[in-house]
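1. Curious how this folds, go ahead:
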Amino acid sequence: DFLFAYDPKDASLANNAGFLNRDAAVMHEMLSQEMKRRGEAAEGAAERANLLRRSAQERARAQVLMERSYAAYQVAAELAPDDVRIQNDAGLVMTYYLRTDMDQAERYLRRAIEIAERDEVWNEPDSDAHEAWGDAYQNLAVLYLTYKNDPARAKTFMTKALEIGPESRESQRPMLEVLDRLIAGESV
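-> Below you'll find the predicted structure:
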């Protein structure tokens, strides 16, 4: 944050601030969940209250950090409009964490795909841009499933993400079965 504030026109510093704040927010959210779990299991009322208070504090800290992350990613996305990873990451933070402007999240994710396909990143399967291309499709799948309630479109995006790779994305393949069940009108 200090370096980004020092040079707010440096896309790399903005991206780093976005990334590091996101990671810190996730850590604080994990701490919040652990404090909550321990608080709910605590036998004494004072200990329970203390742990649940600390859980709420950690959750509030996570929210502040995630908002800071998104603000930095917005700047990075503006400064680096042709960077697939940055566009994807800006969309990811909004899609998974903040969920307050899903139209903008979709614009970021579609921009990442547009750049990747324009630059033919499929010719560079080991590049960061290639992985971000697949990530953007996966993130659109999540957005269409959770926000737009459109499992058919979500399946189209997830299928493309799996096609792109990398191999580690195969762990997400069971999502296709869940999407098929939702498309068929079943509850999951």
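2. Kindly list the longest helix within this protein.
-> Ranked by residue count under DSSP state H, the longest helix found in the chain is helix 45-79.
3. Tell me which other helices or strands it touches.
-> Under the contact definition 3 or more Cβ pairs under 8 Å, 6 or more residues apart in numbering; DSSP states H and E, helix 45-79 sits against helix 11-41, helix 84-93. Using the backbone N, CA and C atoms, a C-beta is placed for each residue, glycine as well.
4. chain center to it, what's the gap?
-> Using Cα atoms, centre = their mean, to the nearest Å, the distance from the centre of helix 45-79 to the centre of the chain it belongs to is 15 Å.
5. how big is the angle separating it from helix 84-93?
-> For the pair helix 45-79 and helix 84-93, the angle between their directions (axes from the mean of the first three to the mean of the last three Cα atoms, to 10 degrees) equals 140 degrees.
6. Could you list the buried residues of helix 45-79?
-> Neighbour-count burial for helix 45-79 flags 51-52, 54-55, 58-59, 61-63, 65-77, 79 (criterion: 16 or more other Cβ atoms under 10 Å).
7. coming back round to it: how about the helices and strands packed on helix 45-79 in TSV, adding mean pLDDT?
-> Rendered in TSV, the data for the helices and strands packed on helix 45-79 read as follows (pLDDT from 0 to 100):
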stretch	mean pLDDT
helix 11-41	97
helix 84-93	98
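8. Looking at those helices, which is nearest to E163?
-> Nearest to E163, of all the helices and strands packed on helix 45-79, is helix 84-93, at 16.7 Å by Cβ to Cβ.
9. Deepest-packed of the helices and strands packed on helix 45-79, please.
-> Ranked by mean neighbour count, the helices and strands packed on helix 45-79 are led by helix 84-93 with a mean of 27 (mean count of other Cβ atoms under 10 Å).
10. Just give me how far it sits from the chain centre.
-> Its chain's average C-alpha position is 8 Å from that of helix 84-93, according to Cα atoms, centre = their mean.
11. Next, the angle from that helix to helix 11-41.
-> Taking the same axes, to 10 degrees, helix 84-93 and helix 11-41 form an angle of 30 degrees between their directions.
12. Can you name the residues in contact with helix 84-93?
-> With contact meaning Cβ atoms under 8 Å, 6 or more residues apart in numbering, helix 84-93 is reached by 11, 15, 18-19, 22, 66, 69-70, 73-74, 76-77, 80-81, 104-109, 111-112, 115-116, 119, 121, 128-129, 132-133, 135-136, 139, 143.
13. Quick check: buried residues in the following helix or strand past it?
-> For helix 84-93, the following helix or strand on the C-terminal side (DSSP states H and E) is helix 102-118. The neighbour-count check on helix 102-118 (16+ other Cβ under 10 Å) flags M102, Q104, A105, E106, R107, Y108, L109, R111, A112, I113, I115, A116 as buried.
14. nearest to E186, of the residues you listed?
-> Closest approach between these and E186, by Cβ to Cβ: M102, at 25.0 Å.
15. and the residue nearest to the closest one when sequence neighbours are not counted, what does it touch?
-> For M102, the nearest residue in space outside its immediate sequence neighbours is Y147; the separation is 4.7 Å by Cβ to Cβ, 6 or more residues apart in numbering. Each residue near Y147 by Cβ under 8 Å, 6+ apart is listed here: T95, R99, M102.
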